[in-house]
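>>> sequence and predicted structure below; questions after.
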Amino acid sequence: MCVTRLVEREIMIDNYTGEWYDSNDTFDYEKERKKAFLLPQWGIFICAYSRFRILSAIASLGSDSCYSDTDSIKYIGEHQDYFDRVNYETREKMKNVCELYDLDYTLFYDLGSFEKEYDGDEVQAKFLGAKRYIIKHNNEYEVTVAGLPKKAMVEYYNKLKIQYEIYQYGKYPLDLFDLFTDKMLLDTEVSMKNAVSYNDEPHTNYINGYKCTELSSVGIYPIDFTMKLSEFYVTLISQLQERNENYENRVY
């Protein structure tokens, strides 16, 4: 919200000719700026400070750090003491700010604190790049793959298991982690992904006995999904494996 750019122009349509044109006369920067109640500087600081907090955690965890995102970090080992200390310091700062500005601390006390995402039973995970990972917790899979619906991988896996058992091959030997690999392909039947095709030509068809004509239309159709690791990520993993013999134990 803080760093949302002001709309500097409007795109208008001429009702008579159908032509599109820019309307720069409608934008008054000073007028729009005075309406704003948030500062871009605040947004920049928030993003930078959040990144600093995540990088500080990565530096503290060292090789136990497995994956991080804009607002989270996943790791192995016992490091709860570190996060407890960081959370205590954060809440103390929040308490001081609330006292200074006479704000209700109960509404802000946990803002900016780390929360433990998984607790109790063993957690298994596999990471293949940014926004590409699988986590198994309490015998349930959580799949995050950018560009792929969350349920697609699990349903694909269940479909393979059922087909395997129908042909009486016994217990399905593979885990979902085994299917989650570079160049993984999900066909149109299981990918749950659609593409959109725009058609600017008139089209006529009969639907339920009625003649329907559209000057333009949009077609939605299923497509395959292929996951391919970036060359940078593959190179990074290779370099880490060369530097540390034990790193091989942490990579599927």
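Sure thing, it's come through.

>>> give me the neighbour count for residue 61.
When neighbours are defined as other C-beta atoms under 10 Å, residue 61 has 19 of them. Every C-beta, even on glycine, is put in place using the N, C-alpha and C of the backbone.

>>> and it, backbone torsions?
phi -80, psi -30 (degrees, to the nearest 10).

>>> wait, it sits on residue 78?
No. Between residue 61 and residue 78 there is no contact under C-beta atoms under 8 Å: 10.6 Å.

>>> neighbours of residue 132, just the number please.
Neighbours of residue 132 (other C-beta under 10 Å): 21.

>>> low-confidence ranges in the protein?
Counting by pLDDT under 70, the chain has low-confidence residues at 24-26, 120-121, 244-252.

>>> and the helices in this structure?
For the chain, the helices defined by DSSP state H occupy 29-35, 40-61, 80-100, 152-166, 176-179, 231-243.

>>> any idea which of those helices gets closest to residue 203?
helix 152-166 (30.9 Å; C-beta to C-beta).

>>> other residues contacting the closest one?
With contacts defined as C-beta atoms under 8 Å, 6 or more residues apart in numbering, helix 152-166 is touched by 134, 141, 143, 145, 170-172, 174, 176, 179-180, 186, 190-193, 225.

>>> now the residue nearest to residue 181 when sequence neighbours are not counted: how far from residue 193?
Nearest residue to residue 181 in three dimensions, chain neighbours excluded: residue 128, at 7.7 Å (C-beta to C-beta, 6 or more residues apart in numbering). Distance, residue 128 to residue 193, using C-beta to C-beta, to the nearest Å: 18 Å.

>>> for residue 59, same thing?
The value you get for residue 59 to residue 193, if C-beta to C-beta is used, is 38 Å.

>>> nearest to residue 12 among the helices of the chain would be which one?
helix 29-35 (17.9 Å).

>>> and the residue lying closest to residue 97 once chain neighbours are set aside, how many neighbours?
Of all residues not flanking residue 97 in the chain, residue 103 sits nearest, at 7.3 Å (C-beta to C-beta, 6+ apart). As a burial measure, residue 103 scores 12 neighbours (other C-beta under 10 Å).

>>> neighbour-wise, which of residue 128 and residue 193 wins?
A side-by-side neighbour count of residue 128 and residue 193, using other C-beta under 10 Å, places residue 128 first with 21 against 15.

>>> let me see the contact set for that one.
180, 181, 182, 227, 229, 233.

>>> cool, and residue 122?
For residue 122, the contact set (C-beta under 8 Å, 6+ apart) is empty.

>>> quick one, what contacts residue 200?
Going by C-beta under 8 Å, 6+ apart, the list of residues near residue 200 reads residue 216.

>>> cool, thanks, talk later.
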